[in-house]
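Chemist: mind looking at a prediction? Sequence and model below.
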Amino acid sequence: MTTDGSGDRGAVGGTESGTQSAERVSFTDVRVDEEAVEAAVETLRSGRYVKGPRVETFESAFADATGVDHARAVSSGSAALALALRAVGVGEGDEVFLPGHTFFASAASVLDAGATPVFVDIDPETYTIDPDDLRAAVEASDAPAAVMPVHLYGQMADMHAVGAVADEYDLRVVEDAAQAHGADRDGLSVGDRGDAACFSFYPTKNLTVAGEGGMVVADDGAVADRVARLRDHGRDESGAHVVAALNHRMSEVSAAVGHAELDRLESITAGRRAAALAYDDGLADVDAVRTPVAAAGARHVYHLYVVRVPDRAAFRATLDDCGVDTAVHYETPAHRQPALPDGVGGRDLPETAAAVDEIVSLPMHADLSEAEVDRVCDAVREHYA
């Protein structure tokens, strides 16, 4: 079946929602290995389910893996964004710049902080924030406070260029890395250039905790400490509630699974990159299909493999008939969502508007076989024959 791709929904436990034939090429394949299962069982038998050593161990390992000084585990990628913004000082009256082409959680986290999202256009090749349009938006702003570059589909934004704008206008930088575990670009890894970077461990992400989960990483210990307070009802080390906040803690079971899966991240990334290369080769002679572009100097980790086609509805119908699942990430851009307050999202974003009418996500996961990629490519060729 096909899916609209909203929030990667429907892809939990190894299948998409609804009935799925064994002969179909699944959009994704969600699973953890036996070590993660054993870690979860051991944690359940321990009787320690929250605020324990497994969260701390996962945080330490994740910080080491991403090359930052501090990591704080939270309940979801959305929580990571919301808490990171507050931790770097974003609040009422501030404007935060982010791409219009992103999942709505990016914008919702800005609103949750009491700030106003200002949407920026994208680079049409990488689908990440356009530094030139970012500069134009900041120059027109009365209250520029922060920028949230989104490392979409598994590719980092141009953080050298984004960082230059941030430095010039004294903007805080919160990286949305929900889809970019292990990505790098031009000598920078996720988190290198930001005040904080935020990851999601939703089941379809490149790294999962077999449920909901997220992580905030930062080199600044003060930012990490604020996130730790904000995730735990605003409590400080003495137990006093020094700020009004809710519970956004990660469970011990989730942390145990995440730590075990972290050891597999490089092999997961290698599998995704191999599948992407096979797609690139298999679709190279199909002129109507624009395959993803990895920027020079970038390590794309392919959370999604997104193509552009001139006839999306017909294209998806053909692939569905051929037994290939597809999705769209995202058909309605964030700056056109009805949840936005009046007066927000009014900037013209022509590259975003063009992309959302043409993008299609093809099946992508670490265990996608060569035969499955061939089936997808054959279906594409059948459509354009």
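Modeler: Structure's in. What do you need?
Chemist: what about the strands in the chain?
Modeler: For the chain, the strands defined by DSSP state E occupy 11-12, 15-16, 70-74, 95-99, 116-120, 144-147, 172-176, 184-185, 188-189, 196-200, 214-218, 298-299, 305-308, 359-362.
Chemist: please work out which of those is packed deepest.
Modeler: strand 196-200 (a mean of 31; mean count of other C-beta atoms under 10 Å). Glycine gets a C-beta too; all of them are placed from N, C-alpha and C.
Chemist: that one pairs with which strands?
Modeler: Next to strand 196-200 in the sheet, as set by DSSP bridges, lie strand 172-176 (parallel), strand 214-218 (antiparallel).
Chemist: average pLDDT across that strand?
Modeler: Average pLDDT, strand 196-200: 98.
Chemist: how far does it sit from its chain's centre?
Modeler: Strand 196-200 sits 9 Å away from the centroid of its parent chain (C-alpha atoms, centre = their mean, to the nearest Å).
Chemist: could I get it in PDB with only the CA atoms?
Modeler: Once non-C-alpha atoms are left out, strand 196-200 reads as follows in PDB (Å, rounded to 0.1, in the frame of the first residue of the first chain):
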ATOM      1  CA  ALA A 196      22.300  22.100  20.400                       C
ATOM      2  CA  ALA A 197      21.300  19.300  18.000                       C
ATOM      3  CA  CYS A 198      18.200  17.200  18.300                       C
ATOM      4  CA  PHE A 199      17.700  13.500  17.300                       C
ATOM      5  CA  SER A 200      14.600  11.300  17.000                       C
END
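Chemist: list of residues touching that strand?
Modeler: Contacts to strand 196-200, defined as C-beta atoms under 8 Å, 6 or more residues apart in numbering, come from residues 66, 68, 76-78, 80-81, 84, 87-88, 173-181, 190-191, 205, 207, 213-218, 220, 223, 227.
Chemist: what does stretch 84-92 give?
Modeler: Contacts of stretch 84-92 (C-beta under 8 Å, 6+ apart): 96, 109-110, 112-115, 145-146, 148, 172, 174, 195-198, 216, 218, 223-224, 226-227, 230.
Chemist: still on that earlier bit, of the strands paired with strand 196-200, which is nearest residue 320?
Modeler: Among the strands paired with strand 196-200, the nearest to residue 320 by C-beta to C-beta is strand 172-176 (30.6 Å).
Chemist: tell me the angle the closest one makes with strand 95-99.
Modeler: 30 degrees (axes from the mean of the first three to the mean of the last three C-alpha atoms, to 10 degrees).
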